[in-house]
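# got a predicted structure plus its sequence, pasted below:
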Amino acid sequence: MIVTDKYLLSEEEEKKLILREYRGLLRQLKHRLKKGDKKLVRRAFEVAADAHKHMRRKSGEPYILHPLAVARIVVEEIGLGVTSVICALLHDTVEDTEVTLKEIELEFGSTPSRIVEGLTKISNVVETKDTTQQAENFKKILLTLADDPRVILIKIADRLHNMRTLESMSRDKQLKIASETSYLYAPLAHRLGLYEIKTEMEDLCLKITDREVHDEIAQKLKDTKRERSRYINEFIKPIREELEVNHFDFEIYGRPKSIHSIWNKMRTKHVTFEEVYDLFAIRIILKTEHEKEDCWKVFSLITNHYQHSVERLRDWVSTPKSNGYEALHTTVMGPGGKWVEVQIRTERMNDIAEKGLAAHWKYKEGGNATESKLDDWLKNIRELLQNPDSNAMDFIQDLKKDIFLDEIYTYTPNGDMRILPSGSTALDFAFSIHSELGKTCIGAKVNYKLVPISHVLRNADQIEIITSKKQKPNDDWLKFVVTAKARSRIKYYLKEEKRIKAQDGKEILSRKLDHLKVPASQQNLFEIANFFHYHSPTDLLYSIAIGGFDVRELSQFSVHGDRLIAPEQPKREEPLPENEEQLGRNIPAKGYELVIFGESADRIQYKLANCCQPIPGDDVFGFITASEGLKIHRTNCPNAATLLANYGHRVVKAKWAKNKEISFLTGVKINGLDDVGVIHKITNVVSGELRMNMRSMSIDSKDGIFEGTIMVFVNHKEELDELCHRLESLNGINKVTRLDMEPTQN
Ligand code: MN
């Protein structure tokens, strides 16, 4: 048992703490308790407390504090009721203790037992070693969602509490949990409308993967707080007066955007903290019966005072987002020429925005239209999951695309609405209506105009699909469809077609093998496929069928009994690109820079990942690739979350050791005003003052603004920081940032 010095409580104090937490939970639940409920909750607490009584968390706390905290999140932050609280209290019992599902069923009934069963299944997810297994498990998680959404909601609460208490975990555990969270749980929370939780999860992830950036932004937010408050008050004043004059019952306040979203802006738009224009948003919450009407009235009152941007008006009051979000967003020009986002909601909408799916249940009696949209989405997931051929990894990738994209509203000729991710094409639309329609689609009429199937749709388009019986899906289709449904159906058809075609190939091959007097056994097929680098025998057979592979090639094989033996593969030394050695890319030379844990480091060769180009001083991890050995990535690499979440078993711990003999290639991006001497000034700093070895420099200038990239060799992150710092202090230079690659697809 590890008891850290942070945690020193006597048994008595511990008991008091546990009871205090339990009473806190009851207080929150009070107004929902019906007759007999209190007894059940108490019983669940007792069962859990007893089952976990000898267990402690990594921090040294009694374990029962964890289920108690999860139960509180379930009530206070997600808004679920008694059944969910019981399940949250029991969520780790079946997994980790003697308690059985049967006992839970006998004591609490079949619903809690089913939900706890779902939670137990999901919790096995993290420990698996196999990639496809991991993806299968993610798929399982999504299945439970389609089953009883409470399972995933409690799981999200569980994950949130784990993220909040990650401090005492080991570094690699932290990274793994954070990656899974940003890869799966945060997007899911978002999709289920749990904005607050999603935001907190993202901030906590950033804190783990990029502590420096997180703390810097947090500090800057703190430093600018007074100034911001002053501005917000100035901005709000006339609106408040106007709303009061018009007898609105309302609340108005400004709130800062999350650290993660600010960081995201900085990174994707290449701007500094100071340049992120929407560091905060103004929120107006109305108490009213006439929701739609009053939201628009308030909008009109605001625009009496401030000029609004027509492009940035978002009306999710008339048509809610598909995750149920409702609000009116507008961006107006505030004092000092600053753009300010204003969000107008009613109390009910606010409840939905904060508690998502669960709040929908609460308002269900009202016969809300958004309810059915969430149902649609769940139905969609169920359909996809039932596709027996869908590869789990592809499925997750495709689904994530659906989760992240913005939405557009499109219409059938009859005026039925379809919500699609933005970027959707006419073909996506066809598949969204019916697979058969998609499969045979040859074109469409968008707003009565004829367009190709790849035509990208826009908001409010009306689409009529044109089909032909002769049409069938081809590979190209995958290049432009964006919805998960279209992708998975097209892949399915293509696979089917390949399978059928492969039959022809099999016949051709069999004849050839007959001739060689060996059977067309699986073993022989694999021998051939492997030798010619086909992924599978099916791929080989398909290639034969379409004339991509000539069976005469088989004459180089020899025959032993009924086995076909491939000739020796000539050993190919992969020649390195010319200056690779000099770049420090491959490091078998003397003086290791990297310590790789758990192995003797001096035998291991590694490469630095191209996506993030780590240099000594960066926080890094090693990743074992299929074809290129060990690759080193930064923990804040754009691809890190995907790698860690899906291939945890291929990750090795790595850390830099002090040694300055090897140089690493890295790059910086520079922005500034185009000035005659600027290039000279930059090279002067790089080669002159810092004596750095510059590899290349490219400058683009337009309308008096220039943007440049410099590639240099450095020994350590400190040198890079120094370079950025020096360049930034030059006259005319606006901003210097480290070069980052875009996340790669898949
Ligand atoms: Mn747990």
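Structure received.

# okay, CA-based contacts and neighbour counts for the rest of this
OK.

# okay, which residue is most central for this structure?
For the chain, residue 183 is the residue whose C-alpha lies nearest the centre (Cα atoms, centre = their mean; 3.8 Å).

# doesn't residue 646 make contact with residue 176?
No: applying Cα atoms under 8 Å, one finds residue 176 not in contact with residue 646, separated by 9.5 Å.

# which one's more surrounded, those two?
Taking other Cα atoms under 10 Å, residue 176 and residue 646 do not tie; residue 646 has more neighbours (25 against 20).

# tell me where the stretch 301-450 of the chain has strands.
In the stretch 301-450 of the chain, the strands defined using DSSP state E, counting those that start in this stretch lie at 314-315, 328-334, 338-346, 407-411, 417-421, 441-446, 449-451.

# centre of the chain to the fifth one, how far?
This points to strand 417-421. Offset of strand 417-421 from its chain centre (Cα atoms, centre = their mean, to the nearest Å): 21 Å.

# give me the neighbour count for the closest residue in space to residue 151 that isn't next to it in sequence.
Of all residues not flanking residue 151 in the chain, residue 115 sits nearest, at 5.6 Å (Cα to Cα, 6 or more residues apart in numbering). By other Cα under 10 Å, 25 other residues sit near residue 115.

# ditto for residue 490
If you count neighbours by other Cα under 10 Å, residue 490 ends up with 23.

# so how far is whichever strand or helix holds it off the chain centroid?
Using DSSP states H and E, residue 490 sits in helix 484-516. With Cα atoms, centre = their mean as the basis, helix 484-516 stands 34 Å off its chain's centre.

# list the buried residues of the helix or strand just after it.
Next along the chain after helix 484-516, taking DSSP H and E as the criterion, comes helix 522-531. Within helix 522-531, the residues scored as buried using 16 or more other Cα atoms under 10 Å are 524-529.

# these two touch, right, the residue nearest to the centre of the chain and residue 642?
Yes: contact criterion Cα under 8 Å: residue 183 and residue 642 qualify, at 6.3 Å.

# which strands and helices lie in contact with the helix holding residue 490?
Packed against helix 484-516 by the contact rule (3 or more Cα pairs under 8 Å, 6 or more residues apart in numbering; DSSP states H and E) you find helix 369-386, helix 392-404, helix 426-433, helix 435-439, helix 477-480, helix 537-545.

# lowest mean pLDDT across those helices, which one is that?
If you rank the helices and strands packed on helix 484-516 by mean pLDDT, helix 369-386 sits at the bottom with a mean of 58.

# tell me the contacts of residue 541?
By Cα atoms under 8 Å, 6 or more residues apart in numbering, residue 541 lies in contact with 502-506, 509.

# residue contacts, the residue nearest to residue 151?
Residue 115 makes contacts with 87, 148, 150-151, as judged by Cα under 8 Å, 6+ apart.

# cool, residue 182 as well?
By Cα under 8 Å, 6+ apart, residue 182 lies in contact with 201-202, 205, 641.

# among those, name the ones in strands.
If you go by DSSP state E, the contacts of residue 182 have nothing in strands.

# among the residues you listed, which ones are in helices?
Among the contacts of residue 182, DSSP state H puts 201-202, 205, 641 in helices.

# from the residues you listed, pick the one nearest residue 289.
residue 201 (33.8 Å; Cα to Cα).

# picking that back up, okay, the residue nearest to residue 151: pLDDT?
pLDDT recorded at residue 115 is 89.

# which SSE is it in?
helix 110-123.

# for that helix, buried residues please.
112-120, 122-123.

# also stretch 715-734?
Neighbour-count burial for stretch 715-734, with 16+ other Cα under 10 Å as criterion, is recorded at 715-717, 719-720, 723-724, 726-728, 732-734.

# out of these, which comes closest to residue 244?
Nearest member of these to residue 244, counting by Cα to Cα, is residue 734, at 44.0 Å.

# just to revisit the earlier point, out of the contacts of residue 115, who has the most neighbours?
residue 87 leads those on contacts (other Cα under 10 Å) with 30 neighbours.

# what number of residues are in the vicinity of residue 313?
Using other Cα under 10 Å, residue 313 has 15 other residues around it.

# that one: what's it in contact with?
328-331.

# if you set the cut-off to 10 Å instead, what comes out?
By Cα atoms under 10 Å, 6 or more residues apart in numbering, the contact set of residue 313 is 328-332, 341-342.

# look up phi and psi at it.
Torsion angles at residue 313 (phi, psi; degrees, to the nearest 10) stand at phi -90, psi 130.

# and if you look at residue 652?
Dihedral angles (degrees, to the nearest 10) for residue 652: phi -120, psi 150.

# bridging residues for the nearest residue to it once chain neighbours are set aside?
Closest residue in space to residue 652, ignoring its immediate chain neighbours: residue 622 at 4.8 Å, by Cα to Cα, 6+ apart. Under DSSP bridges, the beta-bridge partners of residue 622 are residue 632, residue 652.

# I figured residue 622 hits residue 630, correct?
Yes: with contacts counted by Cα atoms under 10 Å, residue 622 reaches residue 630, the gap being 6.3 Å.

# same drill for those two, tell me which one is more crowded.
Between residue 622 and residue 630, counted using other Cα under 10 Å, the more crowded position is residue 622 (26 against 21).

# tell me who's in contact with that one.
If you count contacts by Cα under 10 Å, 6+ apart, residue 622 has them with 594-597, 606-609, 629-635, 650-655.

# tell me how far it lies from residue 635.
Separation of residue 622 from residue 635 (Cα to Cα, to the nearest Å): 10 Å.

# domain-wise, how is this structure divided?
Under the assignment automatic domain parsing, the domains of the chain span 11-213, 217-369, 405-494, 497-565, 578-656, 664-738.

# ok, of these, where does mean pLDDT dip lowest?
Mean pLDDT values for those show the minimum at domain 578-656, a mean of 64.

# residue 439 is in contact with residue 490, correct?
Yes: if you go by Cα under 10 Å, residue 490 and residue 439 touch, sitting 7.6 Å apart.

# spit out the residues that contact the two alike.
In contact with both residue 490 and residue 439: 431, 472-474, using Cα under 10 Å, 6+ apart.

# these in helices, which ones?
Going by DSSP H, the helices hold residue 431 from the shared contacts of residue 490 and residue 439.

# reformat the shared contacts of residue 490 and residue 439 as CSV; add distance to residue 220 and neighbour count.
What follows is those, written out as CSV (distance: Cα to Cα, whole Å; neighbours: other Cα atoms under 10 Å):
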residue, distance to residue 220, neighbour count
431, 47, 23
472, 56, 15
473, 52, 19
474, 52, 13
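
# of the shared contacts of residue 490 and residue 439, which is the nearest to residue 425?
Nearest to residue 425 out of the shared contacts of residue 490 and residue 439 is residue 431 (Cα to Cα; 10.0 Å).

# surely residue 222 is in a strand?
No: counting by DSSP: H, G, I helix; E, B strand; the rest coil, residue 222 is located in no strand; its state is helix.

# mind listing what residue 538 touches?
495, 498-503, 505-506, 525-526, 529, 544.

# rerun at 8 Å
498-499, 502.

# with residue 523 instead?
Contacts of residue 523 (Cα under 8 Å, 6+ apart): residue 563.

# which residues does residue 253 form a beta bridge with?
Beta-bridge pairing of residue 253 under DSSP bridges involves residue 283.

# hang on, the earlier thing: now the helix holding residue 490 and helix 522-531, what's the angle there?
Per axes from the mean of the first three to the mean of the last three Cα atoms, to 10 degrees, the angle that helix 484-516 makes with helix 522-531 is 110 degrees.

# how about helix 484-516: buried residues?
By neighbour count on 16+ other Cα under 10 Å, the buried set for helix 484-516 is 484-492, 494, 498-499, 501-506, 508-510, 512-513, 516.
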